[in-house]
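Undergrad: following is a predicted model, sequence given first.
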Amino acid sequence: MAMDEAGGAPGAAKKFLYVNRKAPYGTIYALESLEVVLIGAAFEQDVQLAFLDDGVYQIVKNQSTDAIGAKNFSPTYKALGDYEVTKLYVEAEALEERGLTADDLMEITFEDEDDDWAEKPSINIVSRADMAKIMSEQDVILSF
Amino acid sequence: MAMDEAGGAPGAAKKFLYVNRKAPYGTIYALESLEVVLIGAAFEQDVQLAFLDDGVYQIVKNQSTDAIGAKNFSPTYKALGDYEVTKLYVEAEALEERGLTADDLMEITFEDEDDDWAEKPSINIVSRADMAKIMSEQDVILSF
Amino acid sequence: MKLGIVVNEGPYTHQASDSAYQFAKAAIDKGHEVFRVFFYHDGVNNGTRLTVPPQDERNIQKNWTELAAQSNVDLVVCIAAAQRRGILDENEAKRQGKDADNIAPGFRISGLGQLIEAGIEADRLVTFGD
Amino acid sequence: MKLGIVVNEGPYTHQASDSAYQFAKAAIDKGHEVFRVFFYHDGVNNGTRLTVPPQDERNIQKNWTELAAQSNVDLVVCIAAAQRRGILDENEAKRQGKDADNIAPGFRISGLGQLIEAGIEADRLVTFGD
Amino acid sequence: MATLHTVNKSPFERSSFISALNHTVPGDKVLMIEDGVISARKGNTFADLVSSALSDCSVYVLAPDLAARGIAEGDLVEGVQTIDYGGFVDLVAECDRTQSWL
Amino acid sequence: MATLHTVNKSPFERSSFISALNHTVPGDKVLMIEDGVISARKGNTFADLVSSALSDCSVYVLAPDLAARGIAEGDLVEGVQTIDYGGFVDLVAECDRTQSWL
């Protein structure tokens, strides 16, 4: 794998943050961001996803795209746990401004191998201030 | 010319409004809008241009694009009079919100054939309410 | 009614082309005439035949090409916008000394006058963009 | 430093590609290494050789092609994004049964892994988009 | 002599929603499509602006775009009407002109 | 451990300017490029927000983009610094990471 050619020492994983700020379907950024996350999972870096601004709409429940003729890719978020992508940060203020609550979001979970494979939520609702702090602790930020 | 094939009777010019809401250079919409206006001038319709929101930046003075490597197309606005495009409406509120005044705009003029070719300003500063009224009186609105 | 449509963005990246297609189909279903779709700005990128969308996705170019054939819709790609973005038909490729062309069936390349003409001829003109 | 650049929009429509190019040139002038530019989303459209910009305008594709040759910059076009948008090299065209390709000299088509790798290898990664 | 104003972007992302509402005249119709439907969800920051617009305009949202973004019809600001693409066509035909707030 | 935040859109058109300022931490640097430079003109609606940001961040604008939009350096909100592409490169190198607010 490409890791061997990487600049850092093997095992020195970088912290990658994928920043999702746009609603799905109106533009392709949400879908193509998800495609990077899936490919990126194979690189064994420390991966986090941030959902803020209209990006929170990417993970709302009950998306149905039949009538617009596009593919509904929201089920893929539920599979992120299988790719060991387990840290999804959602900004509380972004939900509130849009009249949304945590109950409007899909259930996205992972099985924690360090805790007897217990099923745990991948979504963490964080304040705007905490989101800023999370952003300030990354090595690489990819914006979509 | 295409007028002969047009739906309306020859001579029954339609009112066309070109709505410009975006700053130049960050995107190509301003330039490609201008290209439509120049081509459209040959069709002898009743043409008006509206500048609102960041569109007012399209006609500010002293644009200099050498350092960004793009072509400065702002001189073309000054030539609109030669194409008999003489009605440019600029929204007063849009200027004010951006810290701009009428003095920050280029001088764009035309020679009035009905008034012994007197040179007159093409730019009309109008209120937001008047802009809404102007929009409501068009046959065709092209948005850029 | 006689309807004209303007599409300002390319396929997949923005919903504009999809929305315009759904609108055009609905208009035709209701008995209106969609006599022209004018592709401007990045909209010209709808007219390449070289796209290979994923198998489980819609094929936007094919949708337009089929609509044009079935309902006699004039799909016009703006020549000035197309040149900037690399959409060429065989004649244009030859004229510009390019070794390939990429225009899709059902699309034709023409001037901006076709947009103005659409505005003059159509009872209503509807624009889809970013 | 080792710099990676991501370009998310196509040529001319958005300033992203121009800004990225000016940034890359400035970085090289200052002695940094720009080892890769990754073209994603509509950014893949920078990699077509079929553009014919007006004679008094910059040629964005040629700018990139020349920079790649002069400064050994790896210009990578994302394959998944390119397929959706109709950017193909000779191999891809053959594989997909297309009768033409349009990739420009100096650009190569590869996978999204090249973006992640750029993030891992680069000291800094800078993204330009809409 | 009504105008149909279409808004295709979220009011949280772009100013086109506000700009459209600022340029309606009484009797106009406003249609939210694509990401524009986000403005019509009840309880959102812009819900009051949508309600105000209803005092002298009709406001519509495109149901297919609502569904894609997981918004139920019951979640809408009161008074906003849902239509499908056929209804969109009807609005275009009924109004004298369409202005797309791109 | 500073972050360089780049903003490339006008605050009048998009929310990315506000969102960027809402997610800085003290010591971060904010650079306006492309249409983003519009926020730095004195007297504009967002000028006070730029001034506030200066209390715990450094704020820069890209001079080539200012010039293209006819904004003179004397027209800037006080405290905002102008740089060229070389200065942009230096900021990227000085900061630990770059976040583009697209």
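TA: Cool, the structure landed.

Undergrad: quickly note the distance from the most centrally placed residue in chain A to A:Phe110.
TA: In chain A, the C-alpha closest to the average C-alpha coordinate belongs to A:Leu49, at a distance of 3.3 Å (CA atoms, centre = their mean). Separation of A:Leu49 from A:Phe110 (CB to CB, to the nearest Å): 12 Å. Heads up, the C-betas are built off the backbone N, CA and C, glycines and all.

Undergrad: joint contacts of these two?
TA: Between them, A:Leu49 and A:Phe110 share the neighbouring residues A:Leu80, with contact defined by CB atoms under 8 Å, 6 or more residues apart in numbering or on different chains.

Undergrad: what is the burial count for residue 26?
TA: The chain I'm using is chain A. Here the number of neighbours of A:Gly26 (other CB atoms under 10 Å in any protein chain shown) works out to 29.

Undergrad: not quite, go with chain E.
TA: By the criterion of other CB under 10 Å, E:Pro26 has 9 neighbours.

Undergrad: for the residue nearest to the centre of chain A, give me its contacts.
TA: Each residue near A:Leu49 by CB under 8 Å, 6+ apart is listed here: A:Leu17, A:Tyr18, A:Asn20, A:Val37, A:Leu80, A:Val85, A:Lys87, A:Leu88, A:Tyr89.

Undergrad: so the fifth one touches A:Ile123, yeah?
TA: No: shown here, A:Leu80 and A:Ile123 do not form a contact pair, counting by CB atoms under 8 Å, at 10.3 Å.

Undergrad: got any residues that touch both of these two?
TA: Here A:Leu80 and A:Ile123 have A:Leu88, A:Ile108 as joint contacts, going by CB under 8 Å, 6+ apart.

Undergrad: the helix ranked longest in chain A and chain D, are they touching?
TA: With secondary structure taken from DSSP state H, chain A has its longest helix at helix A:29-40. Yes: part of helix A:29-40 sits close enough to chain D to count as contact by CB under 8 Å from any CB of the partner chain, namely A:Tyr29, A:Glu32, A:Glu35, A:Val36, A:Ile39, A:Gly40.

Undergrad: and that helix, C-alpha only, in CSV?
TA: C-alpha atoms of helix A:29-40 as CSV (Å, rounded to 0.1, in the frame of the first residue of the first chain):
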residue,chain,number,x,y,z
TYR,A,29,-19.8,17.6,-3.2
ALA,A,30,-21.4,15.4,-0.5
LEU,A,31,-21.3,12.3,-2.7
GLU,A,32,-17.8,12.9,-3.9
SER,A,33,-16.6,13.6,-0.4
LEU,A,34,-18.0,10.3,0.7
GLU,A,35,-16.1,8.6,-2.1
VAL,A,36,-12.9,10.0,-0.8
VAL,A,37,-13.7,8.9,2.7
LEU,A,38,-14.3,5.3,1.5
ILE,A,39,-11.1,5.1,-0.5
GLY,A,40,-9.2,6.9,2.2
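
Undergrad: on that earlier part again, among the contacts of A:Leu49, which two are most distant?
TA: A:Leu17 and A:Leu80 (14.5 Å; CB to CB).

Undergrad: separation between the residue lying closest to C:Asp123 once chain neighbours are set aside and chain A?
TA: Once its chain neighbours are removed from consideration, C:Asp123 has its nearest residue in C:Met1; the separation is 4.4 Å (CB to CB, 6 or more residues apart in numbering or on different chains). The gap separating C:Met1 from chain A is 23 Å, by CB to the nearest CB, to the nearest Å.

Undergrad: one step back: can you tell me the strand partners of the helix or strand containing the residue nearest to the centre of chain A and which way each runs?
TA: When secondary structure is defined by DSSP states H and E, A:Leu49 falls within strand A:46-51. For strand A:46-51, sheet partners with direction are given as strand A:15-20 (parallel), strand A:88-91 (parallel), following DSSP bridges.

Undergrad: any chance of these in JSON lines with distance to D:Glu66 and mean neighbour count as columns?
TA: Putting those into JSON lines (distance: least, CB to CB, whole Å; neighbours: other CB atoms under 10 Å in any protein chain shown) gives the following:
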{"stretch": "strand A:15-20", "distance to D:Glu66": "32", "mean neighbour count": "23"}
{"stretch": "strand A:88-91", "distance to D:Glu66": "42", "mean neighbour count": "24"}
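
Undergrad: got CSV for those, with mean pLDDT too?
TA: Shown next, in CSV, are these (pLDDT from 0 to 100):
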stretch, mean pLDDT
strand A:15-20, 98
strand A:88-91, 98
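
Undergrad: before we move on, the earlier item: which one of the residues of helix A:29-40 next to chain D sits closest to chain F?
TA: For these, the closest approach to chain F (CB to the nearest CB) belongs to A:Tyr29, at 8.0 Å.

Undergrad: which element follows the longest helix seen in chain E toward the C-terminus?
TA: Across chain E, the helix with the greatest residue count (assigned by DSSP H) is helix E:85-94. The element immediately downstream of helix E:85-94 (helix or strand, assigned by DSSP H and E) is strand E:97-101.

Undergrad: how about that following strand and chain A, touching?
TA: No: against chain A, strand E:97-101 shows no contacts by CB under 8 Å from any CB, the least distance being 13.9 Å.

Undergrad: next, the angle strand B:15-20 makes with that strand.
TA: Following axes from the mean of the first three to the mean of the last three CA atoms, to 10 degrees, one obtains 10 degrees for the angle between strand E:97-101 and strand B:15-20.

Undergrad: any low-confidence regions in the chain?
TA: Picking chain A for this. A:1-11 (pLDDT under 70).

Undergrad: residue boundaries of the helices in it?
TA: With DSSP H as the definition, chain A shows helices at residue ranges A:29-40, A:75-78, A:92-97, A:128-135.

Undergrad: out of those, flag the one nearest B:Ala70.
TA: Closest approach to B:Ala70 among the helices of chain A is made by helix A:29-40 (24.7 Å; CB to CB).

Undergrad: now the angle from that closest one to strand A:15-20?
TA: 160 degrees.

Undergrad: contacts for helix A:29-40 next, please.
TA: Residues lying outside helix A:29-40 but in contact with it, judged by CB under 8 Å, 6+ apart, are A:16, A:18, A:20, A:22-24, A:47, A:49, A:55, A:58, A:73, A:76-77, A:80, A:83, A:85, A:142, A:144, D:40-41, D:80-81, D:111-113, D:115-116.

Undergrad: which ones among those are found in strands?
TA: When DSSP state E is applied, the contacts of helix A:29-40 are split such that A:Phe16, A:Tyr18, A:Asn20, A:Val47, A:Leu49, A:Leu142 fall in strands.

Undergrad: what is the burial count for A:Asp115?
TA: In terms of burial, A:Asp115 registers 9 neighbours under the definition other CB under 10 Å.

Undergrad: wait, what's in contact with C:Phe39?
TA: By CB under 8 Å, 6+ apart, the contact set of C:Phe39 is C:Val7, C:Asn46, C:Gly47, C:Leu75, C:Val76, C:Val77, C:Cys78, C:Ala81, C:Phe107.

Undergrad: among those residues, which are in strands?
TA: Cross-referencing those against strands under DSSP E gives C:Val7, C:Leu75, C:Val76, C:Val77, C:Cys78, C:Phe107.

Undergrad: reformat the ones in strands among the contacts of helix A:29-40 as TSV; add distance to F:Asn44.
TA: Converted to TSV, those look like this (distance: CB to CB, whole Å):
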residue	distance to F:Asn44
A:Phe16	36
A:Tyr18	32
A:Asn20	29
A:Val47	39
A:Leu49	34
A:Leu142	31
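
Undergrad: closest to D:Ala24 among those?
TA: Of all these, the one with the least separation from D:Ala24 (CB to CB) is A:Leu142, at 18.3 Å.

Undergrad: helix, strand, or coil at C:Glu24?
TA: That one is not Glu; residue C:24 is Ala. Classification of C:Ala24 into helix, strand or coil gives helix, according to DSSP: H, G, I helix; E, B strand; the rest coil.
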